[in-house]
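Novice: Mind folding the following:
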Amino acid sequence: MKESLEELSERNQNLRLGGGLDKIAKHKSKGKLTAFERINYLLDENMPWQEIGIFAGEGMYEEEGGCPNGGVICVLGYVSGRLCIVVSNDATVKAGAWFPITAKKNLRAQEISLENRIPIIYLVDSAGIYLPLQSEVFADKEHFGRIFRNNARLSSIGVPQIAAIMGSCVAGGAYLPIMSDYAMIVEGTGSVFLAGSYLVKSSIGEDIDNETLGGAQTHSEISGVTDNKFPDDESCLDAIKGIMDKMGHNTKAGFDRKESKSPVLKEEEIYSILPEDRLKPYDMREIIYRLTDNSGFDEYKPDYGQTILCGLARIEGWAVGIVANQRLIVKAKKSGGSTEMQMGGVIYSDSADKAARFIMNCNQQKIPLVFLQDVTGFMVGSRSEHGGIIKDGAKMVNAMANSVVPKFTFIIGNSYGAGNYAMCGKAYDPRLIYAWPSAKMAVMSGGSASKTLLQIEQAAMKRKGKMMEKTDEDALLKEIEDRYEEQMSPYYAAARLWTDGVIDPLETRKIISLGIDAANHNSEMERYNVGVIQT
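Specialist: Alright, predicted model coming up:
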């Protein structure tokens, strides 16, 4: 775990360099703060904050020179005491151009703002869509245009949007700040127009420079497109702080919070509790005790459905319901007094039934849910099928999918197949979802998948009348295993925004607290309706 955390720290530090030291030096020579510096200046000191999607784009677009951090920084944090989302384009990465992953990350930031009803601040410094990949970012439902649709939706439901034009703001991207409630611009560096001077010249033959066309003076004094102009980044960011300081307060959702207490047991012991071998058993309760206030955990039905742990606790003072996979091999009592051994990390009928009932209780009592994933899937075989595992699994998925209280998911270990779904994977709208460095996410385990894929390759060759030599089999199996293992990595998932990032386990409490604080801003929760569940 220590080696994994060192790797995590090194990756984080490298991402802070954006497009590289040369690009940073060129950026700062214009009198501009970097994307990270703008955020650091804006956020309240000594208050918690959390980056969203830091590994977006990692290992992707290599033919294009890469897109570290997706070319945009997204942070959940406090400005003038108000919790909000801050989105800051990184102009050291391809001049802040929008790659497909950039659009996806911006949409994720807006999604968090929408579902929690918290303000969103855009620090704009972007050259617009990255044209070589325009077909992957322009016209589809979840592409670039969705950003402006969300601008309109946020405004219509009363969520404040503040935009600061701190660099280029070109073409369709010009609508983002102007569809916000406040639009500010920095003199000398900020510019906004539908077409730059070169395109204007080629289109209509007009000779004009970019500053006259769409600079701070033009839009603050002539067009009225922007509200005010500022001499530098710092004064513009100070103005944003002033606006945030004067906003009114909305009715809270009413999630319960008391004074925060630290766990009695040392949180750092989590590092030694998790075994390196992801198939070895361990007691998930020992993890939970190191995440909860006073190491408390009021367990629900502790002697029933033991491969899933359910219970109530407090984290940073917030009341939460915890649903966690148990990795111990346990004995389960059956009707008639008989017992059977149950494998840890597998969801059985009784554990699915218990989890469904617990989730419904938490929704009835307005208690946010925390899912701790270390799951290999649902139990298979004739006994499980005859016992109705599909029906009981459907109960759990139904109860979880229809949940209206905020859900937070942490992938601690394995996250395979339908287990990922039942334990509130990304498809089921967790408010935040993070992975620990020990996480592995895939349809099935690496060993099982590799052998299956090898059999498919062998069958394809056999149909062509060819036979595979043993040495070729071994080489192909090794190639398949390596490729599959890479795709199971938590960084592979985070690069594609299947999760919001990879974190040190000790950040878990902070993220849950920030997430519930954000969710508490939205008082308009739907009525809980679990839908059709067969009994």
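Novice: Could you pull out the strands in the stretch 351-500 of the chain for me?
Specialist: Using DSSP state E, counting those that start in this stretch, the strands found in the stretch 351-500 of the chain span residues 369-375, 377-378, 407-416, 432-435, 440-442.
Novice: Give the other helices and strands that the shortest one contacts.
Specialist: This points to strand 377-378. Other elements packing on strand 377-378 under the criterion 3 or more Cβ pairs under 8 Å, 6 or more residues apart in numbering; DSSP states H and E are strand 346-347, helix 417-422. For the C-beta atoms, the positions are set from N, CA and C on the backbone; glycine is no exception.
Novice: So which of these is the most surrounded?
Specialist: Burial of these is given as mean neighbour count (mean count of other Cβ atoms under 10 Å); strand 346-347 ranks first at a mean of 24.
Novice: Pull up the gap between the residue nearest to G65 when sequence neighbours are not counted and M461, please.
Specialist: Counting by Cβ to Cβ, 6 or more residues apart in numbering, the nearest residue to G65 once its immediate chain neighbours are dropped is K94, at 7.3 Å. Noted for K94: a distance of 43 Å to M461, by Cβ to Cβ, to the nearest Å.
Novice: More neighbours: which of these two?
Specialist: K94 (21 against 13; other Cβ atoms under 10 Å).
Novice: Y130 is in contact with the more buried one, correct?
Specialist: Yes: in this structure, K94 is within contact of Y130 by Cβ atoms under 8 Å, at 6.1 Å.
Novice: Can you pull the residues that touch both of those two?
Specialist: Where contact means Cβ atoms under 8 Å, 6 or more residues apart in numbering, the residues bridging K94 and Y130 through contact with each are E64.
Novice: Work out for me the element I39 sits within.
Specialist: I39 is part of helix 35-42 when elements are defined by DSSP states H and E.
Novice: Show the low-confidence segments of the stretch 151-300 of the chain, by residue range.
Specialist: 172 (pLDDT under 70).
Novice: Could you measure from I308 over to G18?
Specialist: Summarising the geometry, the distance separating I308 from G18, computed by Cβ to Cβ, is 42 Å.
Novice: what separates V225 from E187, distance-wise?
Specialist: 15 Å.
Novice: how close does T508 get to V370?
Specialist: Taking Cβ to Cβ as the measure, T508 and V370 are separated by 9 Å.
Novice: ok so, going back, adding distance to A183 as columns, could you present the helices and strands packed on strand 377-378 in TSV?
Specialist: Below are those laid out as TSV (distance: least, Cβ to Cβ, whole Å):
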stretch	distance to A183
strand 346-347	50
helix 417-422	41
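Novice: of all the ones you listed, which lies closest to V86?
Specialist: helix 417-422 (29.8 Å; Cβ to Cβ).
Novice: Can you give the distance of the closest one from its chain's centre?
Specialist: Using Cα atoms, centre = their mean, to the nearest Å, we find the averaged C-alpha position of helix 417-422 to lie 17 Å away from the chain's own average C-alpha position.
Novice: so where is the stretch 351-500 of the chain shaky, pLDDT-wise?
Specialist: Residues of the stretch 351-500 of the chain that meet the criterion pLDDT under 70 lie in 386, 444-450, 468, 472.
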